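J.: Sequence first, predicted model second:
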Amino acid sequence: MNLQSLHLDVPELLPHNPHSLNEWVDAVQALPEQDDRNLARITHEINQTPLNLLERQRLLQQLTDRFAKRSHQLDDRAPNETLLDWSEHLATGYKRLLLQILQGRQPSQAHLAWCLFMIMQFLVQSILRHLQRYQEPHSGLWRDCHLIYLLAEHRECLDEPLSVPFTPTPASSLRGAYQQALLLALSSPFHLSSHELHQLFTALAPLAAQARLEPFSPHISTGPWVDMGGTGPKRQLQDIDEHDQSLRQLNLAAVLVTAKQHAPLRSDEQNRLLIHAQKHWLNSEQRQHERQDRETPCSLIMGLNAIHNQLGNGQSPLLDGVLCDTSPGGARLRLAAASLHMPVGQLVLMTTGNLRVLALVQWRHQDSQTLHVGLRYLKGSVRAGLVRRTPETRAHQALLLSTPQPGQNWEHTLWLNAGEFTLQEDVFLQLENHANQAIHLATPTHSTRWVSRHPLTL
């Protein structure tokens, strides 16, 4: 691999440098910590400016320090679009620095390994933030990831131990960072909330480098197929060309073993997410119900409190959507409001025709104009209720879901907003036309960042 074979996307340089190095440094230092937009803008301007190698490197290191500090400040918050743009601009800056290093007479191996590592880290940051916004990373990100991996492989610096103080925690080698992004993208990320993606990314950091990209063999199946010449994380193969040099197989044997071992720094939530991810890595996630295509208008009410108000007085705002397909277990919807925030794990009440059903948002995917949402039905009759710690204290809105069981019995579950009560509390439940009932809040059988479900005996 040589310089001519690298088709890295970098902007055209301006004919001259409008500022001295000190003026650029002062301009960066003058921007407030929270001014992500202008920091992204000035990074883009520096990428277009003719600078020598040391000048560009100094400015990029200064901007990287600002990015790292900002990533800590925004730890596990809603995905920041400007931070996404900034990470792509920083990746572009390091790509231009890489071209300058390669144009030198005898580039240092350590310097080259560090620059390749920084490019990969910012590409991975961009991919993570695209997925957290339920958007497919654009093809240029994956193309550059594959190219940088191949160049590092050619230069024998895939496993150089390096680190960056970003949040969430990235892998500490170029191989690890690349495979951290691959494994995240292969984990059905649109079925996970932004918070869950953050946690899964952190859990993958110490594991990802143990996977190995091996030459493809149609007779051996060790993991997903990766097209190193493609524009995505995985190749859907119909006609396999055994001689395609760009085709690799991701051997996950070591990762699967390590993921099952006890790790004291790994949380219970991260263990759960790794179990979820492994099903998708191994293609063992099968549909439970057949889909039926349809194109039917529907309306939605989002959030437990809004559903409670609708059941009580019918005054909650409705969201219009289209029911695209259904199955006994759930449905797929299409909504025109592309900017609508409908997070994974939120409750919705869907109405179409004579059908009204409570459901949980299972996945979402957003493109430029449309929001696509997958729902899992919560079958049964839903009623609004109020829960109090004592009959005189403040009421908390709740939903009682009652499902008929064989033998004229009913199974009851109580849905509450997450975090309103501690585990194993004794409380009072009030339903319409019923007196207060003393109940025990059992350990939730399902919980998300938004709601929790508690089994109930009435």
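T.: Good, I have the coordinates.
J.: Okay, now the unreliable bits of the stretch 1-150 of the chain?
T.: Applying pLDDT under 70 to the stretch 1-150 of the chain picks out residues 1-6, 76.
J.: Helices along that one, start to end?
T.: Here the stretch 1-150 of the chain has its helices, by DSSP state H, counting those that start in this stretch, at 21-30, 36-47, 53-73, 81-103, 109-132, 139-154.
J.: Mean neighbour count and distance to Pro391 for the ones you listed - can I get that in JSON lines?
T.: (Glycine included, C-beta is placed from N, CA and C.) Below are the helices of the stretch 1-150 of the chain laid out as JSON lines (neighbours: other C-beta atoms under 10 Å; distance: least, C-beta to C-beta, whole Å):
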{"stretch": "helix 21-30", "mean neighbour count": "13", "distance to Pro391": "59"}
{"stretch": "helix 36-47", "mean neighbour count": "20", "distance to Pro391": "49"}
{"stretch": "helix 53-73", "mean neighbour count": "17", "distance to Pro391": "44"}
{"stretch": "helix 81-103", "mean neighbour count": "21", "distance to Pro391": "47"}
{"stretch": "helix 109-132", "mean neighbour count": "23", "distance to Pro391": "43"}
{"stretch": "helix 139-154", "mean neighbour count": "20", "distance to Pro391": "57"}
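J.: for the closest residue to Gln310 other than its chain neighbours, helix, strand, or coil?
T.: Among residues not flanking Gln310 along the chain, Ser316 sits closest, at 4.0 Å (C-beta to C-beta, 6 or more residues apart in numbering). With DSSP: H, G, I helix; E, B strand; the rest coil as the basis, Ser316 sits in coil.
J.: State the phi and psi torsions of Ser316.
T.: Phi and psi for Ser316, reported as degrees, to the nearest 10, are phi -90, psi 150.
J.: Quick check: it vs Ser139, distance?
T.: Separation of Ser316 from Ser139 (C-beta to C-beta, to the nearest Å): 40 Å.
J.: go on, Trp410?
T.: 52 Å.
J.: what does Phe122 give?
T.: 17 Å.
J.: same deal with Lys234?
T.: As judged by C-beta to C-beta, Lys234 and Ser139 stand 13 Å apart.
J.: what do those two both touch?
T.: By C-beta atoms under 8 Å, 6 or more residues apart in numbering, Lys234 and Ser139 have no common neighbours.
J.: Double-check that Pro161 belongs to a helix.
T.: No. Read with three-state DSSP, Pro161 is coil and lies in no helix.
J.: number of nearby residues for the residue nearest to Ala78 when sequence neighbours are not counted?
T.: Counting by C-beta to C-beta, 6+ apart, Ala78 lies nearest to Ser194, which is 6.5 Å off, once chain neighbours are set aside. For Ser194, the tally of surrounding residues (other C-beta atoms under 10 Å) stands at 21.
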